[in-house]
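A.B. asks: Give me a 3D structure for the following:
(one chain, ligands or ions: 1)
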Amino acid sequence: MKFFALAAALLPLLITDANAFPMSNLESRTDYASIAARTTPGDKPVIIQLFQWNYASVAAECTEFIGPAGYGYVQVSPPTESISGSQWWTDYQVVSYTLTSKHGSRDDLKNMIDTCHAAGVKVLVDTVWNHMAGIDSGTGTAGDSFTHYSYPPTWDTSNFHYCGTPGNDIQDWQSRTQVQTCELSNLADLATETETVRAKLAAFGNDLMSLGVDGLRLDAAKHMPTADISNIVGRLNPQPQYITQEVVAGDGDTIQGSEYAGIGDVQEFRWTTAIQKAFSGGGISSLQSFTDSQWTDSAHANVFVANHDTERGNAAASLNVNSPSNTYTLANIFALAHPYGTPTVLSSYTYSSVDDGAPNGGTGSCYGAGGVNGWLCQHRWTAIAGMTGFRNTVGSAALTNWVSPSSDRIAFGRGNVGFVIINNDDAAWGATFTTGLPDGVYTDVISGSANFTVSGGQLKTAVPIRDAIALHVGAKA
Ligand SMILES: *[C@@H]1O[C@H](CO)[C@@H](O)[C@H](O)[C@H]1NC(C)=O
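C.D. replies: Residues are numbered from 1 along each chain as shown. Below you'll find the model as predicted:
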């Protein structure tokens, strides 16, 4: 029963992660490469989060679709031994660093990495360093028995924080000490300031690097001091090409994502919230200038319309596949068109309960421009795959020619290589747009089929209700 109680307990704690204190301890390390720094035209900056896909199905999809479509990275679910169970969140309750998870074996992981590399796709692994399991006892996915604070042969009771609050749980989200040394929903909190813990976590990281992993998504990074993450990352050889860190922060919070920008990118959940609000009645014209000085800067931000937590209303709320009036798709189009941050596209599944694990035995399956067997395959949607081509083509080109004549209508260009029009209004939007594009006939990458003529740099058209048009120089008719 503890099992289910834990999932329920996780929701309110993550949702109320909003505090009030100025930030401090800004790091200025620049010795770890960020994908953002490599985001030049011709590069492939778009990440797909293939949530809960087993590794064999990730490999097949890299070959069949992901590589040819031009995505740069797949982010896969955690590979280590975890507690047993069908729920998705078992992944985040680590039992050992044996690479035997519900997503596959060590060999499956290695084969997936090699297959994706052969398709031109890099692999980002969701990595849990902050904590072990939260349940009292059990047997993990590789057959190891454990009790809370004892995970033989890796950890014993001396390797954990006991912060002294009731249940050792975080109670004061404004306390840096509590957030970083108490337990997040009972998850046993590793003493990452100690040499023993750092050395073993680095050995786990190096095991991933030895298999050819390209980058890491660091789960619960906010719950580890930056000094501890820096120390562990510094021991990795080779260095990850890309790191993104889960730091859920609101304006005024004690711990800010910008503190972590010296290590790698930071997931900017304020962007996710701003997008949800803008597309849900707040007005997308607000997106012309929507960041503030506390947000992680664009070069270090990793952004998404939704991830596995937010689509369930966890960690932060967001749009999701059930959002009305095509807003989820339109927001993903904006995410891939706008220059702020490195974009991640969530590829997930339908569920009836927020705890539900993967459908179809974890074998991801897509067909044509969509998903089958319970999978959504957002990465195959014509608009999203088309906008990945747009992002690859426009690279770091400047945002140009912004117009927003009313609150739910925006259009903007990227240099003279791309132009997007988003109409989140309940009436069609007829206008003549100054695109900056070379004259010619372009195929709209949202529909994948309609052709538009740019003449004298201008496009005269009517954008349907709650729809979009995106043209770029890599998609001329
Ligand atoms: C758009 O142009 C392409 C390339 O010329 C063509 O194959 C396609 O049929 C056109 N689409 C429509 C809807 O006419």
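A.B. asks: Next secondary structure after the lowest-mean-pLDDT helix or strand in the chain?
C.D. replies: Within the chain, judged by mean pLDDT, DSSP states H and E, the helix or strand with the poorest mean is helix 2-15; its value is a mean of 37. For helix 2-15, the following helix or strand on the C-terminal side (DSSP states H and E) is strand 47-50.
A.B. asks: What is that next one packed up against?
C.D. replies: Strand 47-50 sits against strand 73-76, strand 342-347, with contacts defined as 3 or more C-beta pairs under 8 Å, 6 or more residues apart in numbering; DSSP states H and E. Every residue, glycine included, has its C-beta placed from N, CA and C.
A.B. asks: Pipe these into JSON lines and attach distance to Cys182 per row.
C.D. replies: Output for the helices and strands packed on strand 47-50, formatted as JSON lines (distance: least, C-beta to C-beta, whole Å):
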{"stretch": "strand 73-76", "distance to Cys182": "28"}
{"stretch": "strand 342-347", "distance to Cys182": "29"}
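A.B. asks: Can you say which of those is packed in most?
C.D. replies: Between the helices and strands packed on strand 47-50, strand 73-76 has the highest mean count of neighbours, a mean of 27, where neighbours are mean count of other C-beta atoms under 10 Å.
A.B. asks: State the paired neighbours of it in the sheet, together with their directions.
C.D. replies: Paired strands of strand 73-76, with direction, are strand 47-50 (parallel), strand 122-128 (parallel) (DSSP bridges).
A.B. asks: Buried ones in whatever helix or strand comes next after the longest one, by neighbour count?
C.D. replies: Pointing back at strand 122-128 there. Using DSSP H and E, the helix or strand that follows strand 122-128 towards the C-terminus is strand 137-139. Buried residues in strand 137-139, counted by 16 or more other C-beta atoms under 10 Å: Gly138.
A.B. asks: do stretch 106-115 as well
C.D. replies: For stretch 106-115, the buried set under the neighbour-count rule, 16+ other C-beta under 10 Å, comprises 106, 108-113, 115.
A.B. asks: with those in mind, which one is nearest to the ligand?
C.D. replies: Distance to the ligand, by C-beta to the nearest ligand atom, is smallest for Thr115 among the buried residues of stretch 106-115, at 32.0 Å.
A.B. asks: can I assume Asp136 is in contact with His148?
C.D. replies: Yes: between Asp136 and His148 there is a contact at 5.1 Å, judged by C-beta atoms under 8 Å.
A.B. asks: So which of the two has more stuff around it?
C.D. replies: Legend: neighbour count by other C-beta atoms under 10 Å for Asp136 and His148, higher for His148 (19 against 12).
A.B. asks: Need the residues that contact stretch 318-336.
C.D. replies: Contacting residues not belonging to stretch 318-336 are listed as 46, 272-273, 275-276, 279-280, 284, 287, 303-307, 310-311, 343, 345, 348, 350, 376, 378, 381, 383-384, 387-388, 390-391, 420, 422, 424, 426, 446, 466-468, 470 [C-beta atoms under 8 Å, 6 or more residues apart in numbering].
A.B. asks: Find the one among the strands paired with strand 73-76 with the highest mean neighbour count.
C.D. replies: When these are compared using mean count of other C-beta under 10 Å, strand 47-50 is most buried, at a mean of 28.
A.B. asks: Return that strand as CSV; C-alpha atoms alone will do.
C.D. replies: In CSV, the C-alpha atoms belonging to strand 47-50 read as follows (Å, rounded to 0.1, in the frame of the first residue of the first chain):
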residue,chain,number,x,y,z
ILE,A,47,15.5,16.3,-28.3
ILE,A,48,12.7,13.7,-28.2
GLN,A,49,11.8,12.4,-24.7
LEU,A,50,10.8,8.9,-25.5
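A.B. asks: what separates that strand from the chain centre, distance-wise?
C.D. replies: Distance of strand 47-50 from its chain centroid, counting by C-alpha atoms, centre = their mean, to the nearest Å, is 7 Å.
A.B. asks: Please determine whether the host helix or strand of Ile384 lies in contact with the ligand.
C.D. replies: Here Ile384, judged by DSSP H and E, is contained in helix 382-394. No: counting by C-beta under 6 Å from any ligand atom, the ligand has no neighbours in helix 382-394; the shortest distance is 13.2 Å.
A.B. asks: contacting residues around the residue most central in space within the chain?
C.D. replies: In the chain, the residue lying closest to the centroid (C-alpha atoms, centre = their mean) is Thr344, at 4.8 Å. Contact partners of Thr344, counting by C-beta under 8 Å, 6+ apart, are 46-49, 75, 244, 302-304, 307.
A.B. asks: and if you look at Leu346?
C.D. replies: By C-beta under 8 Å, 6+ apart, the contact set of Leu346 is 48-49, 51, 304-308, 311, 378.
A.B. asks: count of neighbours near the nearest residue to Thr388 once chain neighbours are set aside?
C.D. replies: In this structure, Thr388 finds its nearest non-sequential neighbour in Val46, 4.7 Å apart by C-beta to C-beta, 6 or more residues apart in numbering. Using other C-beta under 10 Å, Val46 is surrounded by 27 other residues.
A.B. asks: so what's the backbone phi/psi at Val46?
C.D. replies: With angles defined as degrees, to the nearest 10, Val46 sits at phi -90, psi 130.
A.B. asks: Val345 is in contact with that one, correct?
C.D. replies: Yes: between Val46 and Val345 a contact is recorded at 6.5 Å, counting by C-beta under 8 Å.
A.B. asks: centre of the chain versus stretch 186-199, how much separation?
C.D. replies: 25 Å.
A.B. asks: Flag every buried residue along that stretch.
C.D. replies: In terms of neighbour count (16+ other C-beta under 10 Å), stretch 186-199 has its buried residues at 186-192, 197-198.
A.B. asks: CSV please, covering those and showing secondary structure, pLDDT and distance to Gly250.
C.D. replies: Shown next, in CSV, are the buried residues of stretch 186-199 (DSSP: H, G, I helix; E, B strand; the rest coil; pLDDT from 0 to 100; distance: C-beta to C-beta, whole Å):
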residue, secondary structure, pLDDT, distance to Gly250
Asn186, coil, 96, 24
Leu187, strand, 98, 22
Ala188, coil, 98, 27
Asp189, strand, 98, 22
Leu190, strand, 98, 26
Ala191, coil, 98, 28
Thr192, coil, 98, 24
Val197, helix, 98, 29
Arg198, helix, 98, 29
